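Asker: sequence and computational prediction follow.
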Amino acid sequence: MWIKSLLKMTCLTLAFFATAAYAKSFEPATLQQAYEQLHEAVCVLTFTQEATDPRSGEQERQDGTAVALVVSPEGLLMSNGHLQLENIRSFNFRVRINRGDEQLEFPAVMLDKPEDVNLSFLRIQSDEPLNLPFVRFARGSALRLGEPVALVGIMGEAMGFHRSVRVDRITAILDTPRTTDCLTEGLRLGFVTSPVLNTRGEVVGVAGFELDPDEGGGMFARAGHPLVFQTEMFIHHVDRPPDESPVASPAEEAWLGVFTQPLKKEYAEYWGIAEPGGLIVSTVMPDSPAARAGLVPGDIIRSVDGAPVRALLDREVYAFTKMIRESKPQTITKLGILREGAEILLQATLGQRPRSARDAEEVTDETLGLVVREITRDVRILLNLGEEVEGVIVRRIISGSPAHVAGMRPGIIIMGLGDQPVIGLDDFETAVARLQESRPTEVSVFARVGAQTGFFRLMPRW
């Protein structure tokens with residue numbers, strides 16, 4: 001059966017009242033014992049996240065907190081998988097651990113994210129050997145429909161991040177594509193990645209959420225509803241921790257040079273394709289490996305080096321992008337293409353990934369209030385900018401600055417500053433240096449806004 005759940009209300013009633021013993025299973029003393037057992041291994045993880053808008057290169061940065069569990073005495077940590085998303089960079093990790101009346105704080109580094117479960121692993125950095133209290137997970141203990149469970153989590157900042165216990169219940173068990181135990185709605189952030197205990201006091205997993213399709217959720221995704229990641233889903237990563245996440249540079253990553261979307265069932269039906277699944281090439285970047293190989297918009301990628309590509313969902317595009325990126329530049333790749341009903345084979349030599357908006361160089365001028373960066377190839381594609389458009393793109397406007405007062409905003413292309421043409425960052429810096437020497441009362445900025453060009457008048461305060 002697809003779902004053994006409480007969707008059938010009669011079964012729901014029978015399941016709960018036929019297991020009346022469950023309702024009485026967590027006595028206050030039992031919950032107190034769970035708290036004493038686990039509260040020092042449940043930690044506060046602080047971090048910074050930075051998201052980049054590829055259309056403008058504008059970055060939004062914010063600080064956050066999450067629950068982390070110490071899962072080895074040497075300082076292996078486990079937290080939620082949303083710390084590692086495709087277009088968001090998380091960094092500056094620090095973990096706070098309570099030891100009696102003392103609070104310890106350590107830096108931590110992110111490890112490679114597992115591909116089979118939406119959890120993240122980190123390792124505490126310490127010059128001294130550690131012997132920390134940690135969570136011990138029970139193996140082979142299955143939960144039953146209607147069974148109560150206890151969670152040990154963390155209250156909010158207003159409550160001083162005090163450790164807390166709550167009782168929940170297994171409200172549904174999904175059979176496919178793998179067994180998934182669902183909790184009730186309303187799991188608060190302070191209980192995401194909290195240890196889950198059964199009525200015997202065994203830690204049988206952790207609470208969490210799957211990634212949704214837009215976040216890159218895989219074939220196991222059951223997004224949007226709180227669930228229990230059972231011990232067997234992740235314990236092999238605790239036994240053999242992932243490697244430290246590498247910081248790849250563009251020189252280390254390969255590039256094909258296409259924008260794609262999945263061949264969904266409705267698209268296949270519209271084009272008369274018997275079997276859906278694949279990647280529709282929507283854009284081929286000029287002078288890219290894809291262009292040199294002969295790929296054109298409308299092609300459908302059905303295989304890579306003989307391995308079938310059967311993407312049906314938006315989230316499945318990530319797997320192709322990641323596979324190409326993690327290959328080495330100069331790798332020869334064979335692409336099975338469906339073009340106007342005919343199957344053809346193309347051979348592409350992957351290139352070095354060009355600089356993107358995420359790692360573009362930038363310059364800040366506090367006098368005018370402008371933070372600008374180079375126009376990278378991905379920005380040109382997204383903003384439909386030809387190679388003839390030269391300049392720098394505004395990433396951020398400093399609040400209250402002359403640029404802010406003049407109505408400038410992120411995404412504007414600056415093509416001239418004062419009487420100085422601006423082709424790139426070097427020209428922008430030269431123009432700013434000349435303005436600082438001459439100190440004019442008014443500075444004209446020649447810019448492109450969308451498809452229109454015009455001037456902004458800035459009144460600098462020297």
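Answerer: All right, it came through fine.

Asker: quick check: the gap between the one residue sitting closest to the centre of the chain and residue 118.
Answerer: Residue closest to the mean C-alpha point of the chain, counted by CA atoms, centre = their mean, is residue 85 at 1.0 Å. According to CB to CB, to the nearest Å, residue 85 and residue 118 sit 10 Å apart. Glycine gets a C-beta too; all of them are placed from N, C-alpha and C.

Asker: same question for residue 284.
Answerer: Distance of residue 284 to residue 118, computed by CB to CB: 33 Å.

Asker: these two: which is more packed in?
Answerer: Per other CB atoms under 10 Å, whichever of residue 284 and residue 118 has more neighbours is residue 118, with 26 against 22.

Asker: could you list the low-pLDDT ranges of the stretch 1-150 of the chain?
Answerer: In the predicted model of the stretch 1-150 of the chain, residues 1-25, 52-59, 86-87 satisfy pLDDT under 70.

Asker: ugh, wrong one, the stretch 201-350 of the chain
Answerer: Scanning the stretch 201-350 of the chain for pLDDT under 70 picks out 211-223, 244-251, 315.

Asker: circling back to that earlier point, please report the distance of the residue nearest to the centre of the chain from residue 322.
Answerer: The gap separating residue 85 from residue 322 is 13 Å, by CB to CB.

Asker: residues of stretch 179-197 that come out buried?
Answerer: 180-183, 187, 190-197 (16 or more other CB atoms under 10 Å).

Asker: now residue 397: how far from residue 239?
Answerer: Using CB to CB, one gets 50 Å for the distance from residue 397 to residue 239.

Asker: who touches the helix of greatest length in the chain?
Answerer: Longest helix of the chain, by residue count under DSSP state H: helix 425-438. Identification of contacts with helix 425-438 by CB atoms under 8 Å, 6 or more residues apart in numbering yields 361-363, 365, 367-368, 372-374, 392, 414, 417-418, 420-422, 443, 460.

Asker: go on, stretch 27-46?
Answerer: 63-71, 77, 79, 92-99, 108, 122, 132-135, 150, 152-154, 161, 163, 165, 167, 194-195, 197, 199, 201, 203.

Asker: those, buried ones only, as a PyMOL selection?
Answerer: Applying 16+ other CB under 10 Å to the contacts of stretch 27-46, the buried members can be selected in PyMOL as follows:
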select buried, resi 65+66+67+68+69+70+71+77+79+93+95+97+98+108+122+132+133+134+135+150+152+153+154+161+163+165+194+195+197+199+203
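
Asker: show me where the stretch 351-462 of the chain has its helices.
Answerer: Assigned by DSSP state H, counting those that start in this stretch, the helices in the stretch 351-462 of the chain fall at 377-383, 402-405, 425-438.

Asker: adding distance to residue 330 and mean neighbour count, write those out as a markdown table.
Answerer: Below are the helices of the stretch 351-462 of the chain laid out as a markdown table (distance: least, CB to CB, whole Å; neighbours: other CB atoms under 10 Å):
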| stretch | distance to residue 330 | mean neighbour count |
| --- | --- | --- |
| helix 377-383 | 19 | 18 |
| helix 402-405 | 43 | 20 |
| helix 425-438 | 29 | 16 |
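
Asker: now render those as CSV, adding mean pLDDT.
Answerer: Formatted as CSV, the helices of the stretch 351-462 of the chain follow (pLDDT from 0 to 100):
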stretch, mean pLDDT
helix 377-383, 75
helix 402-405, 94
helix 425-438, 94
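
Asker: any chance of these in CSV, with distance to residue 50 too?
Answerer: Shown next, in CSV, are the helices of the stretch 351-462 of the chain (distance: least, CB to CB, whole Å):
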stretch, distance to residue 50
helix 377-383, 17
helix 402-405, 22
helix 425-438, 20
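
Asker: name whatever forms a beta bridge with the residue nearest to residue 126 when sequence neighbours are not counted.
Answerer: Spatial nearest neighbour of residue 126, excluding adjacent residues (CB to CB, 6 or more residues apart in numbering): residue 106 at 5.7 Å. Beta-bridge partners of residue 106, counted by DSSP bridges, are residue 95.

Asker: do the same with residue 180
Answerer: Beta-bridge partners for residue 180, by DSSP bridges, are residue 174.

Asker: what sits against residue 392?
Answerer: Listed by CB under 8 Å, 6+ apart, the contact set of residue 392 reads 363, 372, 373, 374, 375, 413, 414, 422, 424, 425, 428.
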